[in-house]
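> Generate a structure from the sequence data that follows.
(one chain, ligands or ions: 1)
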Amino acid sequence: MKTALVTGASSGIGKAIGQALLLEGMTVIGLCRSVEELPEGIAPLPCDLRETEQIKAAFSTLDHLDILVNSAGLAYLSRLSDGDPEQWEEMWRVNVHALGLCSQLALSLFPDAGGHILNLSSMSGHRVPPTGGFYASTKFAVRAISEALRSELKSSGNKTRVSCLSPGFVDTPLLDKYFAGREEKLAETRASIDLLTPEAIAASAVHILTAPEGVEVHDLMIKSADQAM
Ligand SMILES: NC(=O)c1ccc[n+]([C@@H]2O[C@H](COP(=O)([O-])OP(=O)(O)OC[C@H]3O[C@@H](n4cnc5c(N)ncnc54)[C@H](OP(=O)(O)O)[C@@H]3O)[C@@H](O)[C@H]2O)c1
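Model prediction:
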């Protein structure tokens, strides 16, 4: 039975992926702060991903992993010209630094035959939306980290696979934070786009994580058919 660690399993996409992996018969560990929000059957691993020492301490309690899903992340509007640098820092720490550190720590827990890391990037990691601000830079960074790690692993003969998922708008609590103070814009977006569900993203995560041995999906860009770009 495979063991998967899902960061951000208390909400949205991470929660749906955790539940889908349970249905695949895996043991699932959920890393997050709100462990009381974890679905039944997911083992809690409390951790604040802004804190390096907490991340190291959390991973030191584990002895084996087959899969790491880096889903934890947050999006503030945070424009470059007048955004709040403290919000930039929080996004950078959770979306980028913690994702890199969790990946590094997971490598030593994977089997000799290799594990699988799945990172949540975004359509905002492929193009910069007009209101994307600093968030887009963190999602471009997720793709850069994924590509760099893939290349490092291959040059050392490590069979661990590294994949990305890049969704457009998904109906999760993240959108409330991103559109805070612009609720009309969120209502407009909801009216014009049939938003993706977290379950739709989880189905793609299962496709990637159960791909036949030797098959490595690099990145899946997924958006609602209503979303223009
Ligand atoms: N929703 C979208 O439209 C969309 C689109 C493209 C990509 N994405 C990406 O998909 C991923 C998941 O987003 P989502 O929409 O599912 O968001 P969400 O519903 O708001 O969930 C965010 C998750 O991240 C965890 N998290 C945030 N800060 C944390 C911290 N300091 N320490 C530990 N965990 C933390 C939260 O757990 P706790 O609060 O319990 O700690 C929560 O489980 C993110 O990387 C996001 O950038 C989302």
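
> Contacts only, for residue 44.
29, 30, 35, 38 (Cβ atoms under 8 Å, 6 or more residues apart in numbering). In short, each C-beta sits where N, CA and C put it, glycine included.

> Verify the stated contact: the third one with residue 46.
Yes: using Cβ atoms under 8 Å, residue 35 and residue 46 qualify as a contacting pair, with a distance of 5.0 Å.

> Can you mark which positions in stretch 163-181 are buried?
For stretch 163-181, the neighbour count (16 or more other Cβ atoms under 10 Å) marks 163-172, 174-175, 178-179 as buried.

> what's the longest helix in the protein?
helix 133-155 (DSSP state H).

> Excluding chain neighbours, give the residue nearest to the most centrally placed residue in the chain in space.
The chain has residue 71 as the residue nearest its centroid, 2.1 Å off, counting by Cα atoms, centre = their mean. Distances taken as Cβ to Cβ, 6 or more residues apart in numbering place residue 14 nearest to residue 71, at 3.4 Å, with adjacent residues excluded.

> circling back to that earlier point, check the contacts of residue 44 and tell me the two furthest apart.
29 and 35 (10.7 Å; Cβ to Cβ).

> Common neighbours of these two, please.
Joint contacts of residue 29 and residue 35 (Cβ under 8 Å, 6+ apart) are 44, 45.

> on that earlier part again, which other helices and strands contact the longest helix of the chain?
Judged by 3 or more Cβ pairs under 8 Å, 6 or more residues apart in numbering; DSSP states H and E, the packing partners of helix 133-155 are helix 85-91, helix 99-107, strand 116-120, strand 161-167.

> in the first one, what's buried?
Residues of helix 85-91 classed as buried under the neighbour-count rule (16+ other Cβ under 10 Å) are 87, 88, 90, 91.

> Assess the claim that the third one and residue 72 are in contact.
No: checked against Cβ under 8 Å, the pair residue 90 and residue 72 is beyond contact range at 11.8 Å.

> In CSV, list the helices and strands packed on helix 133-155 along with distance to the ligand.
As requested, these are exported to CSV (distance: least, Cβ to the nearest ligand atom, whole Å):
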stretch, distance to the ligand
helix 85-91, 7
helix 99-107, 8
strand 116-120, 4
strand 161-167, 4
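
> could I get the ones you listed as CSV with mean pLDDT?
Listed next are the helices and strands packed on helix 133-155 as CSV, based on pLDDT from 0 to 100:
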stretch, mean pLDDT
helix 85-91, 96
helix 99-107, 98
strand 116-120, 98
strand 161-167, 98
